[in-house]
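Colleague: Got a predicted model here, sequence first, then my questions.
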Amino acid sequence: MLVVLLAMLVLLVFVMPLLPLDETARIAVDLFFSLVLLSGIATLSRTVWGWRVGTTVATVALLVRLADRLVPGLTLSKWDALLTLAAEGFLAAVLAAQLFREAGHVTIYRVGGAVVVYLLLGQMWVNAYWFIELLHPGAFHFQTAPAVATDTFGRLVYFSFATLSTVGYGDVLPLRPVARSLANLEALTGQLYPAILIARLVAMEIDSRRDRRAGDRKSHLSERGLDTSKEE
């Protein structure tokens, strides 16, 4: 599931902007991403309440997205943005809890999970920006006006990850105070998350190696004790 999530996020963030997809293809990718979110929450949740709450939120988000994309004349884009944001936030929280709370060896899966959380953070801010833009049109200024709504959403994906990585080219500017506050919060998160993550992973690896050495030492002493008793 982590591999699927990582592949889907990479597709959304880095590959889709390069492909000349029509409206139907974009709808299919959006719906598939909603299904991946639902499957990820259902698979990775460790508690009953977490499974129930997470799957409920993700299911409602999927149904709202289906209705918004497929029912003519029905506009649920704001609810789609909010519910997708909630589902992504829940999945990121579940993964982060497993990353930071559970002790053990630092494996490639743990590192991959950390990357998934980072990309989910960027996607969460994308939906937050999209909600603000839907609520207050013109909350963001683009150097060149987007031709269609999907183009606006794609530019907000670019703006979100440019802000998260604190690159900030300046070709997309938040104008409203709430948009600026969200951008500041995302930039701060982009600075703190890698620092905290690296510190935590290094501490976990040191503890894991110390525990392995202690276990090997106990095993060695136990074997020597058995050998001594046999000789006696």
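Modeller: Structure's in. What do you need? Residues are numbered from 1 along each chain as shown.

Colleague: any chance you could map the helices in this protein?
Modeller: 2-10, 23-44, 48-70, 77-101, 108-135, 149-164, 177-231 (DSSP state H).

Colleague: Among these, which comes closest to residue 17?
Modeller: Closest to residue 17 of these, according to C-beta to C-beta: helix 149-164, at 5.7 Å. For every residue, glycine as well, the C-beta is placed using N, CA and C.

Colleague: Can you redo the helices of the chain as JSON lines, where the extra columns are distance to residue 171, mean neighbour count and mean pLDDT?
Modeller: Output for the helices of the chain, formatted as JSON lines (distance: least, C-beta to C-beta, whole Å; neighbours: other C-beta atoms under 10 Å; pLDDT from 0 to 100):
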{"stretch": "helix 2-10", "distance to residue 171": "23", "mean neighbour count": "16", "mean pLDDT": "84"}
{"stretch": "helix 23-44", "distance to residue 171": "22", "mean neighbour count": "17", "mean pLDDT": "83"}
{"stretch": "helix 48-70", "distance to residue 171": "28", "mean neighbour count": "17", "mean pLDDT": "89"}
{"stretch": "helix 77-101", "distance to residue 171": "22", "mean neighbour count": "19", "mean pLDDT": "89"}
{"stretch": "helix 108-135", "distance to residue 171": "15", "mean neighbour count": "20", "mean pLDDT": "91"}
{"stretch": "helix 149-164", "distance to residue 171": "8", "mean neighbour count": "19", "mean pLDDT": "87"}
{"stretch": "helix 177-231", "distance to residue 171": "14", "mean neighbour count": "13", "mean pLDDT": "76"}
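
Colleague: right, and the ones you listed - which one's nearest residue 141?
Modeller: Using C-beta to C-beta, the helices of the chain put helix 177-231 closest to residue 141, at 9.8 Å.

Colleague: and the residue nearest the centre of the chain, what does it touch?
Modeller: Computing the C-alpha centroid of the chain and ranking residues by C-alpha atoms, centre = their mean puts residue 120 first, at 1.5 Å. Counting by C-beta atoms under 8 Å, 6 or more residues apart in numbering, residue 120 makes contact with 9, 88, 89, 91, 92, 95.

Colleague: Return the closest of those with respect to residue 134.
Modeller: residue 88 (17.1 Å).

Colleague: rewinding a little: among the contacts of residue 120, which pair sits farthest apart?
Modeller: 9 and 89 (14.4 Å).

Colleague: Could you tell me how far residue 85 is located from residue 202?
Modeller: For residue 85, the distance to residue 202 equals 31 Å [C-beta to C-beta, to the nearest Å].

Colleague: sorry, that was for residue 165
Modeller: Where residue 202 is concerned, residue 165 sits at a distance of 22 Å (C-beta to C-beta).

Colleague: ok, residue 157 touching residue 17?
Modeller: Yes: here residue 157 reaches residue 17: they are 7.2 Å apart, a contact under C-beta atoms under 8 Å.

Colleague: Give me the common contacts of these two.
Modeller: If you check residue 157 and residue 17 against C-beta under 8 Å, 6+ apart, no residue is contacted by both.

Colleague: circling back to that earlier point, in a markdown table: the helices of the chain, plus distance to residue 143.
Modeller: Formatted as a markdown table, these follow (distance: least, C-beta to C-beta, whole Å):
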| stretch | distance to residue 143 |
| --- | --- |
| helix 2-10 | 26 |
| helix 23-44 | 23 |
| helix 48-70 | 29 |
| helix 77-101 | 24 |
| helix 108-135 | 16 |
| helix 149-164 | 10 |
| helix 177-231 | 16 |
